[in-house]
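1. Provide a 3D model corresponding to the input given below.
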Amino acid sequence: MKRFKTWVWLGLLLAGAVGVQARSLEEVKKDGKIIVATEGQFAPFNYFQGSKLSGFEIELAELVAKKMGVSIEWKALGFDALLAGLRQDRWDLVIASHGITEERAKAVTFAEPHYCSGGAIVSLDAAVRKVADLNGKVVSVQTGTTYLDNVKKLAGVKEVKNFPQDTDARGALLTRRVDAWVTDKFVAVIAIAANPGSGMKLGDYVFVERIAAAVAKGNTSLVQGYNKALAEVMADGSYAALSNRYFNEDVRCR
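-> As a prediction, the model looks like this:
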């Protein structure tokens, strides 16, 4: 990577310092809408049906926003850009299956988790099911994800290949360019059910995690308002109904 001159770095720092401030809950409510960003490429959580965003997280966010008394203006873009755009105050909230990690929590403020899951092994070989079975294997994952971070920690893995979208990582498995694909358990279940002749088989978890929406670092009022509305959705039965419709089980964290 080429070195930037000092004045370039200074310019970038100043640009960040004078950026638009994150909107508070009061400002969002006054405007009547919350700007929410997602990826739109991670079925069944967030994906496009034609030109319309759909999925568990999309519908959940709509339920939460209704409790908050606002509508949603959706933005869809690459996973890698979501939290960066949040730090630049380009939108108010991100909901895109981000696992809560210590590193991410340094840059953004996470809401309460809206589901618990983890990275699971998917392979065309029934003998590749457990973490130990990944020794000497090539594994595909999506760039910028906790799947990439956690698979890279496995000492015995021969190579980790990362792709811009999770569907690309799955495609690498189906074309036998890799030995295994690590993705969210529920994403894997849906993908296997949708492609019964593919030969994909679900293995064990590599790790488990809590998944949450995020707001700009320190935006206390907005995250508190979101958390209150999320708790109401979880308490009134609408969360359970939505979860069961997508997964045939309640996926909230216990």
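
2. now the helices for the stretch 51-200 of the chain?
-> For the stretch 51-200 of the chain, applying DSSP state H, counting those that start in this stretch gives helices covering 56-68, 79-87, 102-105, 146-152, 166-174, 185-194.

3. by how many degrees do the longest one and helix 185-194 diverge?
-> Pointing back at helix 56-68 there. For helix 56-68 against helix 185-194, the angle by axes from the mean of the first three to the mean of the last three C-alpha atoms, to 10 degrees is 130 degrees.

4. just send the helices of the stretch 51-200 of the chain back as TSV, with mean neighbour count too.
-> (Glycine included, C-beta is placed from N, CA and C.) Output for the helices of the stretch 51-200 of the chain, formatted as TSV (neighbours: other C-beta atoms under 10 Å):
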stretch	mean neighbour count
helix 56-68	21
helix 79-87	18
helix 102-105	10
helix 146-152	21
helix 166-174	20
helix 185-194	18
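
5. kindly reformat the ones you listed as a markdown table containing mean pLDDT.
-> Shown next, in a markdown table, are the helices of the stretch 51-200 of the chain (pLDDT from 0 to 100):
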| stretch | mean pLDDT |
| --- | --- |
| helix 56-68 | 98 |
| helix 79-87 | 95 |
| helix 102-105 | 96 |
| helix 146-152 | 97 |
| helix 166-174 | 98 |
| helix 185-194 | 96 |
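
6. so which of the ones you listed comes closest to residue 118?
-> helix 185-194 (5.9 Å; C-beta to C-beta).

7. which elements pack onto the next helix-or-strand element following the closest one?
-> Moving toward the C-terminus from helix 185-194, the next helix or strand (DSSP states H and E) is strand 201-216. With contacts defined as 3 or more C-beta pairs under 8 Å, 6 or more residues apart in numbering; DSSP states H and E, the packing partners of strand 201-216 are helix 79-87, strand 93-99, strand 108-123, helix 146-152, helix 185-194, helix 220-235.

8. sorry, back to before: need the helices of the stretch 51-200 of the chain in TSV with distance to residue 26, can you?
-> Output for those, formatted as TSV (distance: least, C-beta to C-beta, whole Å):
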stretch	distance to residue 26
helix 56-68	12
helix 79-87	19
helix 102-105	24
helix 146-152	33
helix 166-174	36
helix 185-194	35
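
9. looking at these, which is nearest to residue 160?
-> Taking C-beta to C-beta, helix 146-152 is the member of those nearest to residue 160, at 5.3 Å.

10. contacts for that closest one?
-> 99, 101, 119, 134, 139, 141-142, 157, 160, 162, 182-184, 206-207, 209 (C-beta atoms under 8 Å, 6 or more residues apart in numbering).
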